[in-house]
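Participant: no sequence on this one, just coordinates:
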């Protein structure tokens, strides 16, 4: 069988939480700083190398590098040095819920401001890192729009559905402009457009909300991707090439009961209304026909191992149906705080343990072993060689494993 080259050098990816939002009344956050990722760059990337992971989502903190339209990317130099020395390929996240305080997403010049920043960032990182080059212009546009447009968690702190819709269009407009600016620097640059993959159902005592729940599942959830793909608001200039790689985020709390006010409520495990993840992946594939990755996924605490097993079983069932899945991102590589309480979530490959004024990285060994098991099943490397970029994933290995293992989708993915 002829080799079918994948997009990435390894099937398993990872990344580091890099939110830079201003959170409610707490002011500007720097979650990468809170996890001391900057202090442990070499260790963090050496960990991924030892785990056979050659691709990582890494943030460029827009609010910290853009000073009224002038740029200081010097803080990225240690990041780039660590990634290059460990031979890790970045997916640069250019806006992870945070934008400079002197910008307004509803302003006429917001897209232009973002595009200038994207161009400058690309001009800085592309010559300093090995290709191919990957970017996520704006992370989770749909969820960002809820947080800033309807729930008032982050700027612009709006609290209506109408403002959410406005914010979503504004962010899509900026993302499209950002893609075009990046490709002026590198026409071959690839985009990973990331949003949650969810399913919403009506509460059992409110069947009258079924239409609203279905609309959010099958229309609202996909609107940002539709705009980027040029299916909606074509005047903004979206296209399949701008959508490019569809990155879907999959978490247990992504299956929810519809709430008329505020965030929806996650369904309990074993709820009969849960839809197999395989079906959700297949729906996204059939809608766009674009290469896909699971761009974030993780369980919590001791459930991390079982969650990875469930996600892999569902993913391989979807591959057997014909979807083109290029990777699964175990996110985050190191633990991250709950945004609301600041308690550690215990969702990383490594937990973080206080060690004086530092945070010690402690791999959660059952999770690591589960990763090793799946690497062997998929004929993947378990540790990177000297040149991991020279031989991309052969997707036929993934298809072969999917057929041999005959994974079946099920509703028990909590």
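Facilitator: Arrived safely. The shown structure was predicted, so the numbers you read here are calculated from the model rather than taken from an experiment.
Participant: Surely residue 341 is in a helix?
Facilitator: No - under the criterion used here (DSSP: H, G, I helix; E, B strand; the rest coil), residue 341 is coil, not part of a helix.
Participant: Check the secondary structure at residue 359 for me.
Facilitator: Per three-state DSSP, residue 359 ends up strand.
Participant: so it touches residue 350, yeah?
Facilitator: No - using Cβ atoms under 8 Å as the test, residue 359 is too far from residue 350 to be in contact (9.6 Å). In this view, the C-beta of every residue, glycine as well, is placed from N, C-alpha and C.
Participant: so residue 292 touches residue 323, yeah?
Facilitator: Yes - at 6.3 Å, residue 292 counts as touching residue 323 under the criterion of Cβ under 8 Å.
Participant: With neighbour numbers in mind, choose between these two.
Facilitator: A count of neighbours by other Cβ atoms under 10 Å puts residue 292 above the other of residue 292 and residue 323, at 23 against 20.
Participant: Could you report the neighbour count for the nearest residue to residue 394 once chain neighbours are set aside?
Facilitator: Using Cβ to Cβ, 6 or more residues apart in numbering and skipping residues adjacent in sequence, the residue nearest residue 394 is residue 3, 5.0 Å away. Neighbourhood size, residue 3 [other Cβ under 10 Å]: 12.
Participant: Give the bridge partners for the closest residue in space to residue 34 that isn't next to it in sequence, please.
Facilitator: Spatially, and ignoring its direct neighbours in sequence, residue 34 is nearest to residue 337 (6.0 Å; Cβ to Cβ, 6+ apart). Judged by DSSP bridges, the bridge partners of residue 337 are residue 344.
Participant: tell me the pLDDT at residue 337?
Facilitator: With respect to pLDDT, residue 337 has a value of 97.
Participant: what about it, neighbour count?
Facilitator: By other Cβ under 10 Å, the residues close to residue 337 number 17.
Participant: residues touching it, list them.
Facilitator: For residue 337, the contacting residues are 31, 34-35, 343-345, by Cβ atoms under 8 Å, 6 or more residues apart in numbering.
Participant: and if we set it to 10 Å?
Facilitator: By Cβ atoms under 10 Å, 6 or more residues apart in numbering, residue 337 lies in contact with 17, 19, 29, 31, 34-35, 343-345, 352.
Participant: cool, residue 311 as well?
Facilitator: Contacts of residue 311 (Cβ under 10 Å, 6+ apart): 250-252, 277, 294, 297-299, 328, 330, 374, 413.
Participant: And it, which helix or strand is it part of?
Facilitator: Per DSSP states H and E, residue 311 falls inside helix 304-321.
Participant: continuing past that helix, what's the next helix or strand?
Facilitator: strand 325-330.
Participant: ok, that following strand: who's next to it in the sheet?
Facilitator: Strand pairing for strand 325-330, determined by DSSP bridges: strand 12-15 (parallel), strand 292-297 (parallel).
Participant: now it: mean pLDDT?
Facilitator: In this model, strand 325-330 has an average pLDDT of 98.
Participant: Could you check the angle that strand makes with helix 304-321?
Facilitator: Using axes from the mean of the first three to the mean of the last three Cα atoms, to 10 degrees, the inter-axis angle of strand 325-330 relative to helix 304-321 is 170 degrees.
Participant: Tell me how far the nearest residue to residue 285 once chain neighbours are set aside lies from residue 294.
Facilitator: Once flanking residues are discounted, residue 285 sits nearest to residue 323: 4.0 Å by Cβ to Cβ, 6+ apart. Computed as Cβ to Cβ, to the nearest Å, the residue 323 to residue 294 distance reads 11 Å.
Participant: Residues in contact with both of the two, list them for me.
Facilitator: 281, 315.
Participant: Tell me which helix or strand residue 256 sits in.
Facilitator: Assigned by DSSP H and E, residue 256 falls in strand 255-257.
Participant: can you check residue 91 too?
Facilitator: strand 89-93.
Participant: so what strands line up beside that strand?
Facilitator: Partners of strand 89-93 in the sheet, by DSSP bridges, are strand 55-59 (parallel), strand 134-136 (parallel).
Participant: from memory residue 176 sits against residue 183, does it?
Facilitator: No - if you go by Cβ atoms under 10 Å, residue 176 and residue 183 don't touch, sitting 11.2 Å apart.
Participant: between those two, which one's more packed in?
Facilitator: The residue with more neighbours, out of residue 176 and residue 183, is residue 176; 25 against 19, by other Cβ under 10 Å.
Participant: element containing that one, please.
Facilitator: helix 161-185.
Participant: Would you map the strands across the stretch 101-250 of the chain?
Facilitator: Assigned strands in the stretch 101-250 of the chain, in chain order: 134-136, 190-196, 199-201, 245-250 (criterion: DSSP state E, counting those that start in this stretch).
Participant: quick one: terminal-to-terminal distance for stretch 31-45?
Facilitator: 17 Å (Cα to Cα, to the nearest Å).
Participant: chain center to that stretch: distance?
Facilitator: Averaged C-alpha coordinates place stretch 31-45 at 18 Å from its chain's average position (Cα atoms, centre = their mean, to the nearest Å).
Participant: Which parts of this structure are helices?
Facilitator: Assignment of helices within the chain using DSSP state H yields the ranges 31-34, 41-50, 62-65, 77-86, 110-125, 141-145, 161-185, 210-218, 223-228, 240-243, 277-288, 304-321, 365-377, 395-405.
Participant: for those, which one sits closest to residue 263?
Facilitator: helix 141-145 (10.2 Å; Cβ to Cβ).
Participant: ok, and what's touching that closest one?
Facilitator: With contacts defined as Cβ under 10 Å, 6+ apart, helix 141-145 is touched by 21, 95-99, 105, 138, 151, 153-154, 158, 163-172, 174-175, 193-196, 198, 216, 220-225, 227-228, 249.
Participant: you'd agree residue 113 is up against residue 95?
Facilitator: No - with contact defined as Cβ under 10 Å, residue 113 does not count as touching residue 95 (11.2 Å).
Participant: neighbour count winner among those two?
Facilitator: Taking other Cβ under 10 Å, residue 113 and residue 95 do not tie; residue 95 has more neighbours (26 against 22).
Participant: The residue lying closest to that one once chain neighbours are set aside: neighbour count?
Facilitator: Closest residue to residue 95 apart from its sequence neighbours, by Cβ to Cβ, 6+ apart: residue 138 at 4.5 Å. For residue 138, the count of nearby residues is 27 (other Cβ under 10 Å).
Participant: how much space between residue 138 and residue 144?
Facilitator: 7 Å.
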